[in-house]
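# test case, fold it:
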Amino acid sequence: MLRVGLTGGIASGKSGVSRVLVRRGIPVIDADQVARELVAPGSDALREIVEAFGREILDPGGALDRSRLGAIVFSDEPKRRRLEAILHPRIRAEQDRRLRKLEGEGAPVAVVDAALMVEGGGWRRFDLLVVVDSREEDQIARLRERNGLGEGAARARVRTQMPLAEKVKFADRVVDNRGSLAELEAQAEALADWLFGQARIKSSGGY
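The predicted structure follows:
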């Protein structure tokens, strides 16, 4: 099975690419969704996060309040690294479990969508790396609309990550999200065709 990493910056357009890939029959493992499942009430991960950051990061029902936690960690690098140390090994283990399951089911290709793949070195686990590129100002605008953040907070979150100009240097293929949604989807369709072709090459011993 061809294993593909899909990355970019926060709010760079990865989800739009993923939707097209899923529509084309390519399974996508979303690291953010995995993280949400891992911090469900009663989980070991949530217990460790509460021990590290206090009960004020919980909502009245005992679930993780992601906006409160985000306000803490995105403005404090040591705290952000502490959170990553709790979550990232668990996320990676669950991704690997799901990839093994997909391979056992006969999937020719599978994609893992994760924002911090290059920063954490996780891209090395994959056969190919796809980076979604975008203008920083567009990322900030999307993040403000999606998360209800002020411009300063949105800009700070974008800048906690490696600049996209650096990430694209690691890419086997770049999706350029500097145009319209239709243009992004057309590139994602072409990406799906390419990935199926690369999967055939791998299955014939080409990797």
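# would you map the strands across the chain?
2-8, 28-30, 109-113, 128-133, 173-176 (DSSP state E).
# tell me the angle of the longest helix anywhere in the chain relative to strand 2-8?
Secondary structure of the chain per DSSP state H: the longest helix is helix 77-104. Relative orientation of helix 77-104 and strand 2-8, computed by axes from the mean of the first three to the mean of the last three C-alpha atoms, to 10 degrees: 150 degrees.
# okay, buried residues for helix 77-104 please.
Across helix 77-104, burial judged by 16 or more other C-beta atoms under 10 Å covers 82-83, 86-88, 90-92, 94-95, 99, 102. Every C-beta, even on glycine, is put in place using the N, C-alpha and C of the backbone.
# could I get the average pLDDT for it?
Over the span of helix 77-104, the pLDDT mean works out to 96.
# and it with strand 109-113, angle?
170 degrees.
# contacting residues around the closest residue to residue 20 other than its chain neighbours?
Distance criterion C-beta to C-beta, 6 or more residues apart in numbering; nearest residue to residue 20, sequence neighbours excluded, is residue 188 at 3.5 Å. Residues in contact with residue 188 (C-beta atoms under 8 Å, 6 or more residues apart in numbering) are 16-17, 19-21, 175.
# in helices only, show me the residues you listed.
The members of those that map onto helices under DSSP H are 16-17, 19-21.
# rewinding a little: quick check, pLDDT for the residue nearest to residue 20.
For residue 188, pLDDT reads 98.
# distance check, it against residue 195.
Distance of residue 188 to residue 195, computed by C-beta to C-beta, to the nearest Å: 10 Å.
# between these two, what contacts are shared?
residue 21.
# need the residue closest to the centroid of the protein.
residue 114 (1.9 Å; C-alpha atoms, centre = their mean).
# distance of the closest residue to that residue other than its chain neighbours relative to residue 204?
Using C-beta to C-beta, 6+ apart and skipping the chain neighbours, the partner closest in space to residue 114 is residue 31 (3.6 Å). The gap separating residue 31 from residue 204 is 30 Å, by C-beta to C-beta.
# same question, residue 63
Residue 63 is 47 Å from residue 204, where distance means C-beta to C-beta.
# between these two, which one's more packed in?
Ranked by neighbour count (other C-beta atoms under 10 Å), residue 63 and residue 204 place residue 63 first, with 13 against 8.
# residue contacts, the closest residue to the more buried one other than its chain neighbours?
Excluding the flanking residues, the one nearest residue 63 by C-beta to C-beta, 6+ apart is residue 41, at 5.4 Å. By C-beta under 8 Å, 6+ apart, the contact set of residue 41 is 61-63.
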